[in-house]
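Visitor: Okay, here's the prediction I keep looking at, along with the sequence it came from:
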Amino acid sequence: MTVQISGLRVEAEDGERRAVLLDEVTCTLSAHTTAVIGENGSGKSTLARAVGGLNRPAAGTVHVSGLDTVRQARQLRRRVGFLFANPAAQVIMPTVREDVALTLRGRGLSRGEVAERVDRALVEHELMDLADRPCLSLSSGQQQRLALCAVLVGEPDLVIADEPTSLLDARHRRAVARRLLDADGPDVLLVTHDLELARRCEEAVLIDGGRLVRQGPPADVIAAYEELLPA
Ligand SMILES: Nc1ncnc2c1ncn2[C@@H]1O[C@H](COP(=O)(O)OP(=O)(O)OP(=O)(O)O)[C@@H](O)[C@H]1O
């Protein structure tokens, strides 16, 4: 899916004044996997949220596959899966199985089809042992894996993932990276501080102080990021 961002500015209420979180961001993202890197507070999550239609630009537009993220948010919702940095924020149903099934609600599938797809996803994501556990009883890493499973079961065209491996052990980090970077999987916009993971994406963008300051092959963008770091 091609993401076209034009003159994007995002603001937020900050007491008496309005803070500018992102400004003058213009780019086209059309790689299968794109890493978004940059310092804490630079605006990466804000950019991810704008692409997912989760915040309203103060200026500019974002189109995903030609759909305006503000005016055509509903059409976009089914095609785009969003993984929040804090998985507890998106794990909402009582049990693991129900949480994964929620994604498939309202799609005209029979109960049997839903059960079959959910079971397949739970096995694939090594979550079957936890299927009947209350979501809130899972560890934070297990919740992060559940959130990914619940997004991918919906077979979105684009996954926007905000630090999806931040809570995982080495084995699961590797498995999730493999899944997200799968050539046959959905397109992925990946916010990450894991520069090795960023290096494995097709393209990267560097955000600094609310501006997109570099876009290109990950090795070049990571080198530009490293130049910004104090010696
Ligand atoms: N409601 C708000 N009011 C004021 N400032 C905000 C608000 N929301 C976010 N910010 C600021 O906007 C900036 C960008 O935040 P964002 O979460 O996009 O950063 P980030 O690059 O994802 O950071 P991190 O790597 O720490 O996750 C930060 O400085 C943050 O403090």
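Guide: Ah, there it is.

Visitor: Please count neighbours and contacts with C-alpha atoms only from this point.
Guide: OK.

Visitor: Quick one: the helices in this protein, in order.
Guide: 44-51, 73-79, 96-102, 111-124, 140-152, 170-180, 195-199, 218-228 (DSSP state H).

Visitor: What sits closest to residue 145 if chain neighbours are left out?
Guide: Counting by CA to CA, 6 or more residues apart in numbering, residue 145 lies nearest to residue 125, which is 7.3 Å off, once chain neighbours are set aside.

Visitor: Just give me the residue right at the centre of the protein.
Guide: The residue lying closest to the centre of the chain (CA atoms, centre = their mean) is residue 161, at 1.8 Å.

Visitor: neighbours of residue 231, just the number please.
Guide: 5 (other CA atoms under 10 Å).

Visitor: what's the pLDDT at it?
Guide: Predicted confidence (pLDDT) for residue 231: 79.

Visitor: ok, now how distant is it from the ligand?
Guide: From residue 231 across to the ligand, the span is 20 Å (CA to the nearest ligand atom, to the nearest Å).

Visitor: what's the spacing between the lowest-mean-pLDDT helix or strand in the chain and its chain's center?
Guide: In the chain, the helix or strand scored least confidently by mean pLDDT, DSSP states H and E is helix 73-79, which has a mean of 89. The chain centre lies 15 Å from the centre of helix 73-79; the measure is CA atoms, centre = their mean, to the nearest Å.

Visitor: for residue 102, what are its contacts?
Guide: Residues in contact with residue 102 (CA atoms under 8 Å, 6 or more residues apart in numbering) are 93, 150.

Visitor: Quick check: residues of the protein near the ligand?
Guide: 12-14, 19, 21, 39-46 (CA under 6 Å from any ligand atom).

Visitor: out of those, who has the most neighbours?
Guide: The most crowded member of the residues of the chain next to the ligand, judged by other CA under 10 Å, is residue 44 (29 neighbours).

Visitor: Go ahead and confirm it touches residue 36.
Guide: Yes - in this structure, residue 44 is within contact of residue 36 by CA atoms under 8 Å, at 6.4 Å.

Visitor: that older thread, mind picking the two most distant members of the residues of the chain next to the ligand?
Guide: Greatest spatial distance in those: 13 and 39, 21.7 Å, computed using CA to CA.

Visitor: re the thing from before, elements contacting the least confident helix or strand of the chain?
Guide: Helix 73-79 sits against strand 67-68, with contacts defined as 3 or more CA pairs under 8 Å, 6 or more residues apart in numbering; DSSP states H and E.

Visitor: what comes into contact with the strand it packs on?
Guide: The contact list for strand 67-68 (CA under 8 Å, 6+ apart) reads 61-62, 73, 75-76.

Visitor: Which two of those have the greatest separation?
Guide: Spanning the widest gap among the contacts of strand 67-68 are 61 and 75, at 16.2 Å by CA to CA.

Visitor: which of the two has more neighbours?
Guide: Looking at residue 61 and residue 75 with other CA under 10 Å, you find the greater number of neighbours at residue 61, namely 20 against 12.

Visitor: give the contact list for that one.
Guide: Shown in contact with residue 61 (CA under 8 Å, 6+ apart): 5-8, 68-69.

Visitor: Identify the bridge partners of it.
Guide: Residue 61 forms beta bridges with residue 6, as assigned by DSSP bridges.
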